[in-house]
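Asker: give the three-dimensional model of this entry:
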Amino acid sequence: MDLLLTKEEWSNFWSPLCLSLQVSLVATIVVIVSGTILAAKLARKKFKGKALLETCLLLPIVLPPTVTGFLLLVLFGRNSILGKVIEWIFHQPVIFTWWAAVIAAFIVSFPLMYQSAKAGFIQIDRSIEEAARVDGANEWKVLTSISIPLASHSILSGSILSFARGLGEFGATLMFAGNIPGKTQTLPTAIYVAIDNGNMRMAWIWVLSITIISFIMLALCQPKQR
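Answerer: Down below sits the predicted model:
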């Protein structure tokens with residue numbers, strides 16, 4: 001199969017690829033901040049309802065992406081309270097926009113970040129943090145200067161996995177953000193359309209691209225052998 005692209009095909013190739021990278025990058029930044037802080041707060045705390053809370057946080061891992069997309073439509077739809085508030089503030093609905101793709105990527109990738117960061121925080125020797133508190137460090141200083149650096153490998157792994165997961169998101173994105181070329185058409189949705197239209201050459205190019213990127217992401221997560 002000839003995988004060489006014409007000038008017009010190169011133009012069509014870059015749009016969903018760049019959009020996917022942008023969506024995944026923005027979603028991952030939000031995931032890193034929210035997932036790290038929440039994992040640090042909940043990792044070693046015990047309270048009533050923690051199991052239920054964490055179950056809700058991890059639910060997107062096991063839910064079919066189409067179910068996640070449907071729930072996002074219900075939550076952010078134009079007839080929902082939240083959807084009406086967002087539309088009133090920004091003068092446009094969030095569904096079928098670039099930000100809808102970011103939200104979908106964030107929802108499906110957050111559990112990976114949370115689980116990975118949580119595992120890192122659990123392994124930290126609490127006596128190190130207690131010593132810093134005795135020396136006068138406040139909770140924010142302990143978190144940023146001690147806890148996060150000690151859990152940095154787990155946080156980095158979670159960040160990479162979250163980026164890769166967001167990059168490959170299809171079902172929730174298709175339902176919540178749609179498949180608008182140049183606006184919400186990400187790489188997975190572009191592959192779906194290419195196959196549906198019988199354009200196997202473009203499908204192969206996009207499949208190879210996302211496979212290579214995902215392979216690199218996973219390779220970066222592997223522990224180095226000494």
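
Asker: output the longest helix belonging to this protein.
Answerer: Scanning the chain for the longest helix, with DSSP state H as the assignment, gives helix 7-42.

Asker: what's the next secondary structure element after that helix?
Answerer: helix 50-62 (DSSP states H and E).

Asker: summarise which helices and strands that following helix is packed against.
Answerer: helix 7-42, helix 98-122 (3 or more Cβ pairs under 8 Å, 6 or more residues apart in numbering; DSSP states H and E). Using the backbone N, CA and C atoms, a C-beta is placed for each residue, glycine as well.

Asker: what residues sit buried inside that helix?
Answerer: Under the neighbour-count criterion of 16 or more other Cβ atoms under 10 Å, helix 50-62 has 54, 57, 60 buried.

Asker: ok, and what's touching it?
Answerer: Helix 50-62 is contacted by residues 38, 42, 68, 107, 108, 110, 111, 112, 114, 115 when judged by Cβ atoms under 8 Å, 6 or more residues apart in numbering.

Asker: list the buried ones in the following helix or strand past that helix?
Answerer: Going down the chain from helix 50-62, the next helix or strand is helix 65-76, by DSSP H and E. Neighbour counts over helix 65-76 (16+ other Cβ under 10 Å) mark 65, 68, 69, 70, 71, 72, 73, 76 as buried.

Asker: for residue 124, see how far away the most centrally placed residue in the chain is.
Answerer: Per Cα atoms, centre = their mean, the C-alpha nearest to the average position across the chain is that of residue 109, at 3.4 Å. Using Cβ to Cβ, to the nearest Å, residue 109 is found at 24 Å from residue 124.
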